[in-house]
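Q: Quick one: sequence and predicted model below, then my questions.
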Amino acid sequence: MQLLKKTLTFGLMVLGIAVSASASDFFNSTKASAEQGDASAQLSMGIMYHDGKEVKQDYKKSVKWFEKSANQGDALAQLYLSSFYYYGKGVRQDYSKAFQWTLKSANQGDADAQGLIGVHYEEGKGVQINKNEAKKWYGKSCDNGSQTGCDYYRDLNEQGY
């Protein structure tokens, strides 16, 4: 029994080392691609720093990588970046910049971003309150498959907008 326990312990240690080495290799290769301008790798770096996966969580570094990817037109990076500005994570809170980044993603057809544009207009975050405009964006979000967009559209419709 003691031999089995030692064997399992050793096996898990070896496995843990192998996993760590693999994770480190993934991070290093992703970083190298990101530094060469690969937008998908830049997005991945932003996510790793955002989530604290493979690296210590660091919102400022996450913003740096998301900005690089977002500036190349990556809709998901634009959406992540908008949330950083909306909530003030790693940057000074700025609803106007949050709106601008969300709009870039929304204009690429991202249903979640389209719904968030509706929220910006409905709540007046970064733009003037305009419930008709909010309803329009909720409708786009709904048309692109977001049930939440459909629900918000229905709510505004029932309010007479």
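A: Arrived safely.
Q: only C-alpha atoms for contact and neighbour calcs from this point on.
A: Noted.
Q: Now do the closest residue to residue 136 other than its chain neighbours, the pLDDT please.
A: Leaving aside its sequence neighbours, residue 136 sits nearest to residue 118 (Cα to Cα, 6 or more residues apart in numbering; 7.5 Å). You'll see residue 118 listed with a pLDDT of 98.
Q: Report the contact partners of residue 118.
A: By Cα atoms under 8 Å, 6 or more residues apart in numbering, residue 118 lies in contact with 133-138.
Q: could you redo the last one with a cut-off of 7 Å?
A: 134-135, 137-138 (Cα atoms under 7 Å, 6 or more residues apart in numbering).
Q: Out of the residues you listed, who's the most crowded?
A: Neighbour tally across the contacts of residue 118 (other Cα atoms under 10 Å): the maximum, 31 neighbours, falls on residue 138.
Q: Quick check: which element contains it?
A: Residue 138 is part of helix 131-143 when elements are defined by DSSP states H and E.
Q: Show the pLDDT at the residue nearest to residue 97 when sequence neighbours are not counted.
A: Leaving aside its sequence neighbours, residue 97 sits nearest to residue 85 (Cα to Cα, 6+ apart; 6.3 Å). What the model reports for residue 85 is a pLDDT of 97.
Q: Helix or strand: which one has residue 85?
A: Per DSSP H and E, residue 85 falls inside helix 75-87.
Q: Quick one: list the elements packing against that helix.
A: When contacts are defined as 3 or more Cα pairs under 7 Å, 6 or more residues apart in numbering; DSSP states H and E, helix 75-87 packs onto helix 59-70, helix 95-106.
Q: of all the ones you listed, which lies closest to residue 123?
A: The closest of those to residue 123 is helix 95-106. By Cα to Cα, the value is 11.0 Å.
Q: one step back: kindly reformat the helices and strands packed on helix 75-87 as a markdown table containing mean neighbour count and mean pLDDT.
A: Converted to a markdown table, the helices and strands packed on helix 75-87 look like this (neighbours: other Cα atoms under 10 Å; pLDDT from 0 to 100):
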| stretch | mean neighbour count | mean pLDDT |
| --- | --- | --- |
| helix 59-70 | 23 | 97 |
| helix 95-106 | 22 | 98 |
